[in-house]
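*Asks:* with the sequence up front, the predicted model follows.
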Amino acid sequence: MGEHMHRSSMLRVFLFICSVLSFFLAGVAHVGGETMSTAVVYRDYRDIPGVTSADVAAVERIRASRDAFVYGAGGSNETFIVDGSVGGFSRYFCDWLSALFGIPFRPAIFRLADLADNLADGHVDFTCEFPPTPEMQRRLSMTDAIVHRPVTRFRMTGAEDLSAVALRRPLRYGFVQWYGTDGLIVASARRRFETFYYTRREDAIAALRGGKIDAFVMDTRGGVGFQAFDDVKQEVFFPFVYSDASFATANRDLAPIVSVVQKFLDTPGAGAFLSEMHERGEREFQRHNFRSTLNDEEKQYIDEHVANGVAVPFAAERENYPVSFYNQQDGKFQGIAIDILHAISALSGLTFTPVDAGAAAEWADLRARLDSGEAALITELIYTRRIRDAYLWADTPYDVQRLLLLSRFDTPTVTFDRISGMRVGAVRESLPRLSPRPQAPDALRLLRGCLRRPRGG
């Protein structure tokens, strides 16, 4: 396989990883505050503490009258199609319920706008799509929250910053009416806003494009449906807000099953047990989503490397903290770039190995190994005009570093307008030299001038 294919494939991998890592920092979803599952894995619902003989009799009557249940969910990062069947958290949750009650719970995908009606008319037996708001609790039999999902907002790419808009008028937010997300935002928002409600994603997109709303606010499930729109971007809502969702049914005859699940939620460690289940489903979704972004050639590259156990060689800097450095005590490379490679491995199955495991290589040697193709990647390279055509570059950086001016302790304070009269040193390739760049900050343009025309000082 050619070297160009080798590097372009890895570039695609990096682009995807960089786009999802920042989102993970906010936590895709979690349940409760526990970090490690201490829940007892009950193989039979009868063993759950608090389940009474009356509960057992009610559940057994239901089992005698039904062959299976339909668990309805909207298409999302929790419920998606993999190889012709439903995957993700919904699949794992239904598998657990099926084993617990001894009757199949079959996940199925429905339009969120139609799910309430499908519950009411009996086409759907159970769901985890609705928040435990007072209104929903009057309509449905519900447990406490099964999962907490971070609230996100969808905006037009390149749109004016919301803080600037808020100086002129109240912000305009769109919501799904029955999700209850608007109430969460009212309780936490730092700015005034007007509310608009939509039942179809297409209507919300039209409102965004037409300027009727500044953002459409929904929890993380909405991101899947918006991926098809290149002009829409997803942001984590700040301050962080989480949307709850409960296990629920509209059929009061099935309420005993909801009651038993609630008693499981009351046991120690139940929250962490479900959280781990959700995280497993999220990892499956990310692997599936990543795979769907690749073309056939890229898939072949990854599949061949994984099947043959071939690691991708990379050049790792040994003293560039926190990007890449060699930890003598642990005997391995660490840093931001190394963590990104670990994330790539988790998604793709690829493995990576440094070209100099002993961390003895100098920078010039690392560059030479990259240029020769011995290393497919390097942990950091400054983008400059001189070398821009020699390598493949990601459009999105995984780290942004700011320039610093350092001087001796006894040097008088230097104001901004005096910099041009001083002699400034810089590490080679540490300042971008692309020109013309009228959008570059004044300070950067001034420093470039100092480096080109050093004068006394």
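*Replies:* Ah, there it is. Residues are numbered from 1 along each chain as shown.
*Asks:* so what's P256 up against?
*Replies:* Counting by Cβ atoms under 8 Å, 6 or more residues apart in numbering, P256 touches D55, A58, V59, I62. C-betas here are computed from N, CA, C, even on glycine.
*Asks:* repeat the analysis, applying 10 Å as the threshold.
*Replies:* For P256, the contacting residues are V51, A54, D55, V56, A57, A58, V59, E60, R61, I62, S141, by Cβ atoms under 10 Å, 6 or more residues apart in numbering.
*Asks:* what helix or strand does it sit in?
*Replies:* helix 255-265 (DSSP states H and E).
*Asks:* any idea which helix or strand comes after that helix?
*Replies:* Helix 255-265 is succeeded, C-terminally, by helix 270-292 (DSSP H and E).
*Asks:* for that next one, the distance to its chain's centre please.
*Replies:* Put simply, helix 270-292 sits 11 Å off its chain's centre (Cα atoms, centre = their mean, to the nearest Å).
*Asks:* quick one, it and helix 255-265 angle?
*Replies:* Relative orientation of helix 270-292 and helix 255-265, computed by axes from the mean of the first three to the mean of the last three Cα atoms, to 10 degrees: 100 degrees.
*Asks:* so which bits of helix 270-292 are buried?
*Replies:* 270-279, 281-282, 284-290 (16 or more other Cβ atoms under 10 Å).
*Asks:* for V217, give its distance to E78.
*Replies:* V217 is 18 Å from E78, where distance means Cβ to Cβ, to the nearest Å.
*Asks:* likewise F226?
*Replies:* Counting by Cβ to Cβ, the gap from F226 to E78 is 15 Å.
*Asks:* more neighbours, those two?
*Replies:* Neighbours per residue, other Cβ atoms under 10 Å: of F226 and E78, the larger number sits with E78, 30 against 18.
*Asks:* can you give me every residue that contacts that one?
*Replies:* Neighbouring residues of E78 by Cβ under 10 Å, 6+ apart: 28-29, 86-93, 107, 128-129, 147, 149, 220-221, 224, 245, 278, 281-282, 285.
*Asks:* and if you look at P239?
*Replies:* For P239, the contacting residues are V151, S188, A189, R190, by Cβ under 10 Å, 6+ apart.
*Asks:* show the buried residues in those.
*Replies:* The neighbour-count criterion (16+ other Cβ under 10 Å) marks V151, A189 among the contacts of P239 as buried.
*Asks:* among the contacts of P239, which lie within helices?
*Replies:* Judged by DSSP state H, those include S188 as members of helices.
*Asks:* pick the one among the contacts of P239 closest to G180.
*Replies:* Nearest to G180 among those: V151, at 10.6 Å, using Cβ to Cβ.
*Asks:* show me what that closest one is bridged to.
*Replies:* D219 (DSSP bridges).
*Asks:* I figured it hits V176, correct?
*Replies:* No - look at V151 against V176 with Cβ atoms under 10 Å: they stay out of range, at 11.5 Å.
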